[in-house]
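Novice: What follows is a predicted structure for the sequence shown.
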Amino acid sequence: MNKNIKLKKIYDNTFKKKSRVRETDEFKEVLKMEKWTGKHILDVGCGTGKFAYMIAKKGGIVKGIDYSTTAIATAQSKYNHTNLSYEQIDVSKKISGKYDVIISIGTLEHMDQPYKMLKKLKNHLTPNGKMILTSPNWTNPRGFILMTLSILFDAPITLADLHYLTPVDFVKWADKLDMKIDWKTIEHSWSGGDKLIIDLKQRLPKVFKDMKANIKQQKIDLFLKWINHKALPIIQSSKEGGAIGIYVLSKRK
Ligand SMILES: C[S@@+](CC[C@H](N)C(=O)[O-])C[C@H]1O[C@@H](n2cnc3c(N)ncnc32)[C@H](O)[C@@H]1O
C-alpha cells in the first residue's frame with residue numbers, strides 16, 4: 001500500500017498556489033534548538049525551502065530534499081544561499097551523505113512507514129548526529145475532537161496526513177532505534193485555546209461537507225460555544241498538550 005506517492009499531486013498543486021502549506025511556530029522553535037554554524041544539515045521534506053534557508057543564514061551547510069517538483073522549483077527561485085542546495089527526490093529512494101542534523105518538519109506523518117524512514121535516516125547521521133522531527137500532536141482537546149470524527153465517522157480531517165502521531169509513537173520508535181529522545185509540544189492555544197476555536201470554526205463545516213453529513217451551522221456554533229465557555233477556561237497547559245510535537249533523537253553515547 002503506497003499512499004505517500006499519491007500525495008505528491010496534492011503537494012504539487014498546493015505549492016503551485018502557495019509558498020507554504022502551514023504557518024506554525026515550529027520554525028522559530030527548532031531554529032533556536034541548535035548551534036548551526038558549520039554543521040551539515042539535511043532537511044527532509046523541505047517544501048519551498050524557507051526553513052532550510054533560515055538555517056543556511058545561521059551558518060549551517062544545508063541540503064533540502066523534497067519530492068514535489070513545484071516546491072523545489074519555488075525553493076530554488078526564492079530561497080538561495082551559498083550554503084544551501086536542493087534536490088528533488090523521493091526520500092524513500094536512495095539518499096546520499098552523512099549529516100550532523102537531519103531535520104524533518106511536518107513530514108513524517110505523510111510517509112507510508114514512518115519508522116522505516118527513521119531507521120533509514122539514522123544511517124545518514126554522523127557519529128554524534130541527531131534528528132529533529134516535528135509532527136502534529138493529537139493528545140489534546142483538538143486531537144480528541146478530530147480523532148473522534150476521523151475514527152468513528154471516517155471524517156477527512158486533514159488533507160494529507162496518513163498517520164496521527166503522538167509522543168507515544170516517537171518514544172517507542174526511539175527505543176527500537178536505540179536512540180535517546182527528548183521531546184516537547186508547542187502551540188497550546190491551537191490545541192486548547194483561542195486558536196482552536198478559530199481552527200474548528202473553519203475546519204468543521206468543511207469536514208462535515210466532505211462527509212456529506214448534514215450538520216447545521218447552528219449546531220457547530222453551539223458546540224464551539226460550549227467548548228469555548230465551559231471547557232477552555234480551565235484547560236491546563238501540559239507537556240503533551242500542544243498541537244505540535246518536537247522530537248530530538250540522538251545517538252546514545
Ligand atoms: C506539510 S509539508 C512541510 C513542508 C516543510 N517542511 C515546511 O514545514 O514548510 C510536507 C512536505 O513533505 C514532502 N514529502 C512528502 N512525502 C515525501 C517523500 N516521500 N519524499 C520527499 N518529500 C516528501 C511534501 O512534498 C511536502 O513538501
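Specialist: Thanks, I have the structure now.

Novice: which parts of the stretch 51-200 of the chain sit against the ligand?
Specialist: Residues of the stretch 51-200 of the chain lying close to the ligand by CB under 6 Å from any ligand atom are 51, 66, 67, 68, 71, 90, 91, 92, 105, 106, 107, 110. Placement of C-beta: from N, CA and C, glycine included.

Novice: Residue 52 versus residue 74, what's the distance?
Specialist: Distance, residue 74 to residue 52, using CB to CB, to the nearest Å: 12 Å.

Novice: my bad, residue 45
Specialist: Counting by CB to CB - residue 45 and residue 52 are separated by 11 Å.

Novice: With neighbour numbers in mind, choose between the two.
Specialist: residue 52 (29 against 20; other CB atoms under 10 Å).

Novice: What distance do you get for the spatially most central residue of the chain to residue 159?
Specialist: For the chain, the residue sitting closest to the mean C-alpha position, by CA atoms, centre = their mean, is residue 106 at 1.5 Å. From residue 106 across to residue 159, the span is 12 Å (CB to CB).

Novice: Farthest-apart pair in the residues of the stretch 51-200 of the chain next to the ligand, please.
Specialist: Greatest spatial distance among those (CB to CB): 51 and 92, at 21.1 Å.

Novice: Pretty sure residue 212 sits in a strand.
Specialist: No - if the criterion is DSSP: H, G, I helix; E, B strand; the rest coil, then residue 212 is coil and not within a strand.

Novice: Tell me the pLDDT of it.
Specialist: Here, the pLDDT recorded for residue 212 equals 94.

Novice: One more: residue 155?
Specialist: 96.

Novice: from what I can see it touches residue 206, true?
Specialist: No - under the criterion of CB atoms under 8 Å, residue 155 is not in contact with residue 206, lying 10.1 Å apart.

Novice: Who has more neighbours out of these two?
Specialist: More crowded of residue 155 and residue 206, by other CB under 10 Å: residue 155, with 18 against 11.

Novice: State the distance from that one to the ligand.
Specialist: Separation of residue 155 from the ligand (CB to the nearest ligand atom, to the nearest Å): 20 Å.

Novice: ditto for residue 81
Specialist: Here the criterion is CB to the nearest ligand atom. By it, residue 81 lies 17 Å from the ligand.

Novice: how close does that residue get to residue 91?
Specialist: 22 Å.

Novice: More neighbours: those two, which one.
Specialist: Each of residue 81 and residue 91 has its neighbours counted (other CB under 10 Å); residue 91 has more, 19 against 16.

Novice: Please tell me I have it right and the more buried one contacts residue 45.
Specialist: Yes - between residue 91 and residue 45 there is a contact under CB under 8 Å: 6.9 Å.

Novice: overlap in contacts of these two?
Specialist: Common neighbours of residue 91 and residue 45 are listed as residue 65 (criterion: CB atoms under 8 Å, 6 or more residues apart in numbering).

Novice: name the element residue 199 belongs to?
Specialist: helix 194-210 (DSSP states H and E).

Novice: tell me how far that helix is from the chain's mean position?
Specialist: Here helix 194-210 is found 19 Å from its chain centre; the criterion is CA atoms, centre = their mean, to the nearest Å.

Novice: Also stretch 47-64?
Specialist: From the chain centre to the centre of stretch 47-64 is a distance of 17 Å (CA atoms, centre = their mean).

Novice: cool, and stretch 57-70?
Specialist: That offset, for stretch 57-70, works out to 16 Å (CA atoms, centre = their mean).

Novice: Now that stretch: average pLDDT?
Specialist: For stretch 57-70, mean pLDDT is 97.

Novice: Just the buried positions in that stretch, please.
Specialist: Of the residues in stretch 57-70, 58, 60, 61, 62, 63, 64, 65, 66, 67, 68, 70 count as buried by neighbour count, 16 or more other CB atoms under 10 Å.

Novice: outside of it, which residues touch it?
Specialist: 8, 11-13, 15-16, 31, 36-47, 49, 52, 55-56, 72, 75, 81, 83-91, 95, 97, 99, 101.
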